[in-house]
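Undergrad: Can you look at this prediction? I've put the sequence above it.
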Amino acid sequence: MLILNKAAGVFSKLSKRKVNALFPSFNFHPGTQLLHKIVLGIETSCDDTAAAVVDETGNVLGEAIHSQTEVHLKTGGIIPPVAQQLHRENIHRIVQEALSASRLSPSELSAIATTIKPGLALSLGVGLSFSLQLVNQLKKPFIPIHHMEAHALTIRLTHQVEFPFLVLLISGGHCLLALVQGVSDFLLLGKSLDIAPGDMLDKVARRLSLIKHPECSGMSGGKAIEHLAKQGDRFHFDISPPMHRVKNCDFSFTGLQNITDKIIMQKEKEEGVEKGQVLSSAADIAAAVQHMTACHIAKRTHRAILFCKQRDLLSQSNAVLVVSGGVASNLYIRRVLGIVAAATQCALLCPPPRLCTDNGVMIAWNGIERLRAGLGILHHIEGIRYEPKYVVPFINFVKVTQYKPEPEFAFIIRDFH
C-alpha cells in the first residue's frame, strides 16, 4: 500500500482557472444540479489510459482511451516506469476528450470514480492523483473502484442481468470465479494460485518469438496465439491438463507454461533452430496451449456451476454465467465455455470485446452502481490510497473441495474434438 503523492505526485493542485484551461470548451459552474446521475470514470490500473462518462440509464455519453500496446510490443512487455510516464502524458487529454464527447461541463458530474486497486503501483498513482485533484476542485463525491468488481458488473450495463449470477474473470492479470450476489457482495469460489491465463499466453508467445512471425508482428501475445492456433493441430502434443486431480475451483497456469517451454526447447533442438527464431511447429504449439488453457478454465467453471446449483445459489432454470476480462475476447475459449453453459442450462453472457479489456466505461458504470446502492461514496478524501497488490474485494470465500462434477467432464473434450 503506497501513499499516492509520494509515488505519483507530478500534478500541481488544480485551480478553477486550471480546470477551465484543462477543459477549455466548458464553463465552470459549481453547484449545477442534474436530474440524472452521471459519473466520470478514470482507469489507469495497467497500460491503458481510459476515461468515460456514463449516466444511470446506461448511456455512454463520452469515452476515450489511449493504448500503450505498440510501445510494449517494442519493449517486450510492460515496463512500469514507461507505463507511468505514458499515463502522465495522456491523462489530461483522455479525460478532456471523454468530457468533450459527452457535451457536459465537469461541474455537471454527480461523482468521479477511479480505479484504486489492484494494478501497477506507478500506473494507479497517476490516475488517483489526477482524480483527487479534480475532486477537490469540483467538490464532487469520489468513488474508489476495485478493478475486478468493475469487470464483474459491466454486464449489467449491456444486459438486464439480475443478482445472483456467476462470473468468470480471465485476463492478463487476474483469474477468478465468483458468485455475484450484489454490488459489493461476492462469494469467491476459486482463483489462480499463480499467474493469470493472459500472462501465461503472453509469455508463451514471447518464447515462440511470434512478434517475428509475419502474420503476428503487430499483435499482442494472446492475440497472436489465438490467430496462429487456427492453423495448428491442438492434439499434436500430449499435454496433461493442470490440476486434473484437484477437485476444487482454483486455477493454475505456471505448470502449463513450464510444460510448453520444455516442448519449445525440444522442438528447437529437433529443428536446429536458435532461440528467438520462429519454429515451423509454432502453430501446433499455439493450438495445444490454447486448447488446454480453454479446457482447464472450462472444467473449473463447470464445477462451480454445479456446486452453486446443488446448493441453490443459482437458479436451476435461469442461471447466468458472465465471462469478462481480456482473455474473454478469445473466441476459442468462449466456444468451449459455451459448451459448458449449454450442458448446465446456463445463459452465457459476455460484454462486447471493447468492454472486456480495461476501459473507462466499466469504471464509470461501477460508480453508477455504487451511487444507486449508496455504497463507498466518499465526501472526504483525506488519506485515500491505492493498493497495487491483488486484494479480493469479496466478503466471503468458499473452497469447493471434494466436489466431483457429474456427469464427468469428458463431454468437453469429446464435443470439441
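TA: In hand now; what should we look at?
Undergrad: Dump stretch 261-277 to PDB, restricted to CA.
TA: Extracted as PDB, the C-alpha positions of stretch 261-277 are listed here (Å, rounded to 0.1, in the frame of the first residue of the first chain):
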ATOM      1  CA  ASP A 261       8.700 -24.200 -22.500                       C
ATOM      2  CA  LYS A 262      10.100 -27.700 -22.500                       C
ATOM      3  CA  ILE A 263       8.200 -28.600 -25.700                       C
ATOM      4  CA  ILE A 264       9.600 -25.500 -27.400                       C
ATOM      5  CA  MET A 265      13.200 -26.300 -26.200                       C
ATOM      6  CA  GLN A 266      12.800 -29.800 -27.600                       C
ATOM      7  CA  LYS A 267      11.500 -28.600 -30.900                       C
ATOM      8  CA  GLU A 268      14.300 -26.100 -31.300                       C
ATOM      9  CA  LYS A 269      16.800 -28.900 -30.900                       C
ATOM     10  CA  GLU A 270      14.900 -31.100 -33.400                       C
ATOM     11  CA  GLU A 271      14.600 -28.300 -36.000                       C
ATOM     12  CA  GLY A 272      18.000 -26.900 -35.400                       C
ATOM     13  CA  VAL A 273      16.500 -23.500 -34.600                       C
ATOM     14  CA  GLU A 274      18.200 -20.900 -32.400                       C
ATOM     15  CA  LYS A 275      16.200 -19.400 -29.500                       C
ATOM     16  CA  GLY A 276      14.500 -16.300 -30.800                       C
ATOM     17  CA  GLN A 277      13.600 -17.700 -34.200                       C
END
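Undergrad: What are the buried residues along it?
TA: Under the neighbour-count criterion of 16 or more other C-beta atoms under 10 Å, stretch 261-277 has 263-264, 267-268, 273 buried. Where C-beta positions appear, they are placed from N, C-alpha and C, glycine not excepted.
Undergrad: Please, where are all the strands along the stretch 251-400 of the chain?
TA: All strands of the stretch 251-400 of the chain, identified by DSSP state E, counting those that start in this stretch, fall at 319-324, 346-349, 396-397.
Undergrad: likewise the stretch 1-150 of the chain?
TA: So, for the stretch 1-150 of the chain - with DSSP E, counting those that start in this stretch - the strands run 38-43, 48-55, 60-67, 111-117, 142-146.
Undergrad: circling back to that earlier point, among the buried residues of stretch 261-277, which two are most distant?
TA: By the measure C-beta to C-beta, the buried residues of stretch 261-277 have their two most distant members at Ile263 and Val273, which lie 13.1 Å apart.
Undergrad: what residues are up against the most centrally placed residue in the chain?
TA: When C-alpha atoms, centre = their mean is applied to the chain, the residue found nearest the centroid is Gly325 (3.7 Å). For Gly325, the contacting residues are 151, 169-171, 174, 198, 356-357, by C-beta atoms under 8 Å, 6 or more residues apart in numbering.
Undergrad: Show me those residues that map onto helices.
TA: 151, 198, 356 (DSSP state H).
Undergrad: can you pull the pLDDT of the first one?
TA: Meaning His151. As predicted, His151 sits at a pLDDT of 94.
Undergrad: Can you pull out the residues in contact with stretch 267-274?
TA: Residues outside stretch 267-274 that contact it (C-beta under 8 Å, 6+ apart) are 275, 279-281, 285.
Undergrad: Let me know the closest of those residues to Leu179.
TA: Using C-beta to C-beta, Ile285 is the member of the contacts of stretch 267-274 that sits closest to Leu179, with 35.5 Å.
Undergrad: Could you count how many residues lie near the closest one?
TA: Ile285 is flanked by 26 other residues according to other C-beta atoms under 10 Å.
Undergrad: which one of the ones in helices among the contacts of Gly325 has the most neighbours?
TA: Taking other C-beta under 10 Å to define a neighbour, the member of the ones in helices among the contacts of Gly325 with the most is His151, carrying 29 neighbours.
Undergrad: and the gap between it and Val53?
TA: Per C-beta to C-beta, to the nearest Å, His151 is found 19 Å from Val53.
Undergrad: Tell me, how many residues neighbour the residue lying closest to Pro164 once chain neighbours are set aside?
TA: Leaving aside its chain neighbours, Pro164 sits nearest to Gln181 (4.7 Å; criterion: C-beta to C-beta, 6 or more residues apart in numbering). Neighbours of Gln181 under the rule other C-beta under 10 Å: 16.
Undergrad: Quick check: what element follows the strand or helix carrying Gln181 along the chain?
TA: In this structure, Gln181 is located in strand 175-182 according to DSSP states H and E. Heading C-terminal from strand 175-182, the first helix or strand you meet, by DSSP H and E, is strand 185-191.
Undergrad: Please identify the buried residues of that next one?
TA: 185-191.
Undergrad: ok, that strand: who's next to it in the sheet?
TA: Sheet partners assigned to strand 185-191 using DSSP bridges are listed as strand 175-182 (antiparallel), strand 396-397 (parallel).
Undergrad: what's the most buried one of these?
TA: Burial of the strands paired with strand 185-191 is given as mean neighbour count (mean count of other C-beta atoms under 10 Å); strand 175-182 ranks first at a mean of 23.
Undergrad: Next, the contact list for Ala319, please.
TA: 165-166, 305, 308-309, 344-347.
Undergrad: Could you list the low-pLDDT ranges of the chain?
TA: Within the chain, the stretches with pLDDT under 70 are 1-35, 72-73, 76, 390-417.
Undergrad: since we're on His36, how many residues are nearby?
TA: Residues lying near His36 (other C-beta under 10 Å) number 10.
Undergrad: Can you list the neighbours in contact with stretch 83-97?
TA: Stretch 83-97 has contacts (C-beta under 8 Å, 6+ apart) with 8, 10, 22-23, 40, 42, 44, 46-47, 49-51, 62, 64-66, 68, 71-72, 120, 122-123, 125-127, 130, 134, 360.
Undergrad: Gly338 - how many residues pack around it?
TA: Residues lying near Gly338 (other C-beta under 10 Å) number 16.
Undergrad: wait, it sits on Cys346?
TA: No: with contact defined as C-beta atoms under 8 Å, Gly338 does not reach Cys346; the gap is 9.9 Å.
Undergrad: Out of all residues in the chain, which is the farthest from the middle?
TA: Distance from the centre of the chain peaks at Gly272, with 38.8 Å (C-alpha atoms, centre = their mean).
Undergrad: what phi and what psi does the backbone show at that residue?
TA: When quoted as degrees, to the nearest 10, the phi and psi of Gly272 stand at phi 70, psi 40.
Undergrad: And it, how far from Arg207?
TA: According to C-beta to C-beta, Gly272 and Arg207 sit 18 Å apart.
Undergrad: Likewise for Lys275?
TA: Distance, Lys275 to Arg207, using C-beta to C-beta: 8 Å.
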